[in-house]
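Novice: Based on what follows, work out the 3D shape:
(3 chains)
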Amino acid sequence: MNKKHKKTQYTLAELINGLDASIKGDPDCVVTGVGTIQHAKAGDIAFLMNPLYKKYLPDTQASAVILTEKESADCPVNAIISRDPYYTYAKIAAYFDEKPLPKPGIHPSAIIGEDCQIDPTASIGASCVIGNKVSIGAHVVLGPNCSLSDQIEIGENTLLDANVTIYHQVKIGRNVEISSGAVIGGDGFGLAKHKGVWQKIPQLGGVVIADDVEIGANCTIDRGAIENTVIERGVKLDNLVQVGHNVRIGESTAIAGCVGISGSTVIGKNCLVGGAAGFAGHLTIADDVVITGATEVTKSIREPGIYSSGVGGLVTNLEWRKNSARVHRLQQLVDRVKALEYALEELTERK
Amino acid sequence: MNKKHKKTQYTLAELINGLDASIKGDPDCVVTGVGTIQHAKAGDIAFLMNPLYKKYLPDTQASAVILTEKESADCPVNAIISRDPYYTYAKIAAYFDEKPLPKPGIHPSAIIGEDCQIDPTASIGASCVIGNKVSIGAHVVLGPNCSLSDQIEIGENTLLDANVTIYHQVKIGRNVEISSGAVIGGDGFGLAKHKGVWQKIPQLGGVVIADDVEIGANCTIDRGAIENTVIERGVKLDNLVQVGHNVRIGESTAIAGCVGISGSTVIGKNCLVGGAAGFAGHLTIADDVVITGATEVTKSIREPGIYSSGVGGLVTNLEWRKNSARVHRLQQLVDRVKALEYALEELTERK
Amino acid sequence: MNKKHKKTQYTLAELINGLDASIKGDPDCVVTGVGTIQHAKAGDIAFLMNPLYKKYLPDTQASAVILTEKESADCPVNAIISRDPYYTYAKIAAYFDEKPLPKPGIHPSAIIGEDCQIDPTASIGASCVIGNKVSIGAHVVLGPNCSLSDQIEIGENTLLDANVTIYHQVKIGRNVEISSGAVIGGDGFGLAKHKGVWQKIPQLGGVVIADDVEIGANCTIDRGAIENTVIERGVKLDNLVQVGHNVRIGESTAIAGCVGISGSTVIGKNCLVGGAAGFAGHLTIADDVVITGATEVTKSIREPGIYSSGVGGLVTNLEWRKNSARVHRLQQLVDRVKALEYALEELTERK
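Specialist: Numbers count the residues shown, from 1 in each chain, chains lettered A, B, ... in the order given. Below you'll find the model as predicted:
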């Protein structure tokens, strides 16, 4: 979160201050916002990363474009030259982020429990309810209507958007961002059937979320059964991701929306998981693994690489019905091939 | 939302007032509620649309049944004749909807920011928290515990159920209904890896939701990265739908539950998307496309039609294991067929 | 929820009081918490159920281990002997559950409607908003920020965690647990297309949740269209489960995370549904059915058994592309086999 005092316009020289980038053109050119290379208007800064968009460069109306030295030859306007234009864009775009930054202090409508330590620079939003023995670090922001139970720790600079729920004994690091509707520390799905009736297994572990983690809207991260569920440093979760009890997600792994991870699965570092993928429980996934979207991960993965499951390919529903029927009749085809092999062998021998 | 003053009973004549329907039987018959054709009791009105339920018509205990002229011949009770019985039912059922309609006004426990324009006919529920520069139109209803950030516009007659979260700079049209737990305008999943560490791309676009849209419970609709995420007029989203940044969903498209739409995908008008389908990012889907349930849409669709992916068909787990193994051994089958072709050719040539 | 007064330590004799279990070792051994058999420290009690973990038994640092008579021979520490160690663990672990138990009474910041009956032993959390004619039984706990509409009944001992939303006319039984972010009773997805425009079908049914049900975080359970949506006794839902209108889930059925159940589907008793499975609408599923993870249930199931769909098996993305291509070319293979059969027949006849 960018705490610096915001202006509404910046010169190119100001924008690249501190960045590994240079200006080709007018350093005093004034920028008032961002735009896409094809739709930007005067005053906007755009960036070029995807070669598919290069065709828009000659006609761009942007006041400046962030791009590589090589692409800058074709840039009709001011250029910011960077070896990593997307990264440079990320840093520059932060100047134009209008996400409201609430003032420090505790809103009078917030309800705070006993024995809490709330840093005076933290901002606790309206109608937040905070339990007992909660520790909230410097520059933390809690949006309105957040619910925090007891014995929670939140590290400095962490941001909870409106309406986040944190159960007891959850520990959240620094520079973490949690989007609205996320629920951290609910009971894991632990059940034992006894005499035909489900018996709940008490979920006594907590959740530990390391620094620099992002958690998307309406994600659910369950507390551990005995030990903790752990989200390591720099992990990024998109929206509606389900993380079961005692899962561990390794450093800098990024997981797209609608993914479900069953209990006790351990995912390595620097993995990429596509949307709507699912993980069975008790698996171990190596570092540097890529799981494509909608893949069902049903066994552990020991080697880095790209993995998928099922049968892919979008077709017409008619073709799909035929494909499906063919798969369901595969044994017949195998039998016919076997019969052919037998008949041919007979024929050959008879000769 | 039906703002008309509610009674607890209506005559058939009152119920069809203004509708393209007629009564066969007693127009003064009193109706006090709705029922299914098979379970309705005296005082209920039922409807017949699905031919599977026609068998229940002769014995129905309903006081009246909404059906077509043709089916009315077999109706043993009062009939409301309509060319579109389901639509006529929809209009009539609205009289019996007991969803509470709160009174206009701002609940004293609500927290309202600065420079807001809240129409006096709007109802702001208890414990709502509203930011600065928010504009709320006539007859809008916000259920309790809603969280609205800054610079939000909500058009007239729009309904937010309890516990909806709206981020800053979201624009919502008229006659929109948003169910509880929905989160509109959270950050899109924009990341750039720089020196091995994920760098967040600021999400500076907003969300624009046109008139007559419905958004189900616990849906998540992300704000755009630069330009807006757009939900066009009359779009209907079931529960737990994830809409990524810069997605555009075309007019009157209906999307069933648990669907995920990755960033920058554009879906056409009048599409139907089955439950748990998923869309990769940056795709373009034509108008009038039907996507069947659980389909993975991995490429753009240029023509109207029905589309599916993968291999369908529910079977026993044993058969499934066999099918799966056969698919994984398909290359062996291909090789055996190739060997047969070769052997046969040899045999034929030798003759 | 365990209402008994909590201590921080217990002797083994105290822990097995009332249970069908016995002690081998020191009944006065003091236990202060739980641990896994491999990581437990002095003072912890552990359990052994999964044979994979038996290797850790000889070196366990636990003060006591819950296990079967047979396994107890190899137990180097105090043993609690049970025929069902996991169940015995569940009962014992409840002594160490530190989930905060709020005091009875209505928090002064809660907003309560008219004509409500709230048992004096119930606890209504901070910032809860409760509508009119709501009945809340003995020892019920509502966490903070819950939103309840009108005409809701909640049976005794039921627990709603923070930030649960209940729509009007929902009936919840006894000993139910609902996790944060769950939304019960939102409108079902009922639409009729009339002159090219979606018309909403009013959703007039309610939701009935029987005793001993558990509902996970961010689940959505829609109200019925005319009759009720019904969750029978002892049903257990993991997180992010979507239950459509007029669904009925039978007694003691357990459903893992991210499952979607379309409208009017009836699931039998004692079923197990794996994560991310999906059900089409209007299906009937027999009792004692097991649905494996990610299965698409597209037709009714009449017999108990284990069912799956599609093609399973995690492979490398390269192998997956080849598999997928082979499936899409299956007709060619069928044609080649047919040609071989024809050629061979010709050859045989010619001889």
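
Novice: for A:Phe189, what are its contacts?
Specialist: A:Asp222, A:Gly244, A:His245, A:Gly263, C:Gly216, C:Lys236, C:Asp238, C:Asn239, C:Ala256, C:Gly257 (Cβ atoms under 8 Å, 6 or more residues apart in numbering or on different chains). Where you see a C-beta, it was placed from the backbone N, CA and C, and this is true even at glycine.

Novice: The fifth one touches C:Gln242, doesn't it?
Specialist: The reference is to C:Gly216. No - with contact defined as Cβ atoms under 8 Å, C:Gly216 does not count as touching C:Gln242 (11.4 Å).

Novice: Using CSV, write out every CA atom in stretch A:154-161.
Specialist: What follows is stretch A:154-161, C-alpha atoms only, in CSV (Å, rounded to 0.1, in the frame of the first residue of the first chain):
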residue,chain,number,x,y,z
ILE,A,154,-1.4,-8.5,12.6
GLY,A,155,2.0,-7.2,11.4
GLU,A,156,2.8,-3.7,10.2
ASN,A,157,1.5,-2.2,7.0
THR,A,158,-1.0,-5.0,6.6
LEU,A,159,-4.4,-4.2,5.0
LEU,A,160,-7.7,-5.9,5.6
ASP,A,161,-10.4,-4.6,3.3
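
Novice: Could you give the backbone dihedrals for the most centrally placed residue in chain A?
Specialist: Nearest to the geometric centre of chain A sits A:Leu237, at 2.7 Å (Cα atoms, centre = their mean). With angles defined as degrees, to the nearest 10, A:Leu237 sits at phi -110, psi 130.

Novice: Isn't it up against A:Ile209?
Specialist: No - using Cβ under 8 Å, A:Leu237 is not in contact with A:Ile209, being 10.1 Å away.

Novice: which residues do the two both contact?
Specialist: The contact sets of A:Leu237 and A:Ile209 overlap at A:Ile215, A:Ile231 (Cβ under 8 Å, 6+ apart).

Novice: filter the contacts of A:Phe189 to the buried ones?
Specialist: Neighbour-count burial within the contacts of A:Phe189 applies to A:Asp222, A:Gly244, A:His245, A:Gly263, C:Gly216, C:Lys236, C:Asp238, C:Asn239, C:Ala256, C:Gly257; the criterion is 16 or more other Cβ atoms under 10 Å in any protein chain shown.

Novice: out of these, which are inside strands?
Specialist: Assigned to strands by DSSP state E, the following of the buried ones among the contacts of A:Phe189 qualify: A:Asp222, C:Lys236.

Novice: okay if I get the buried ones among the contacts of A:Phe189 as JSON lines plus pLDDT and distance to A:Val334?
Specialist: Output for the buried ones among the contacts of A:Phe189, formatted as JSON lines (pLDDT from 0 to 100; distance: Cβ to Cβ, whole Å):
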{"residue": "A:Asp222", "pLDDT": "98", "distance to A:Val334": "44"}
{"residue": "A:Gly244", "pLDDT": "98", "distance to A:Val334": "38"}
{"residue": "A:His245", "pLDDT": "98", "distance to A:Val334": "43"}
{"residue": "A:Gly263", "pLDDT": "98", "distance to A:Val334": "38"}
{"residue": "C:Gly216", "pLDDT": "98", "distance to A:Val334": "43"}
{"residue": "C:Lys236", "pLDDT": "98", "distance to A:Val334": "41"}
{"residue": "C:Asp238", "pLDDT": "98", "distance to A:Val334": "39"}
{"residue": "C:Asn239", "pLDDT": "98", "distance to A:Val334": "42"}
{"residue": "C:Ala256", "pLDDT": "98", "distance to A:Val334": "34"}
{"residue": "C:Gly257", "pLDDT": "98", "distance to A:Val334": "37"}
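
Novice: show me which of the buried ones among the contacts of A:Phe189 neighbour chain B.
Specialist: Contacts with chain B within the buried ones among the contacts of A:Phe189, counted by Cβ under 8 Å from any Cβ of the partner chain: none were found.

Novice: could you pull out the helices for the stretch 1-150 of chain A?
Specialist: Along the stretch 1-150 of chain A, the segments classed as helices by DSSP state H, counting those that start in this stretch run A:12-15, A:69-72, A:85-93.

Novice: of the ones you listed, which approaches chain C most closely?
Specialist: Proximity to chain C (Cβ to the nearest Cβ) singles out helix A:85-93 among those, at 24.4 Å.

Novice: Name the residues that touch the closest one?
Specialist: A:15-16, A:19-21, A:34, A:45, A:47-49, A:66-68, A:80, A:82, B:192, B:194, B:199-202, B:204.
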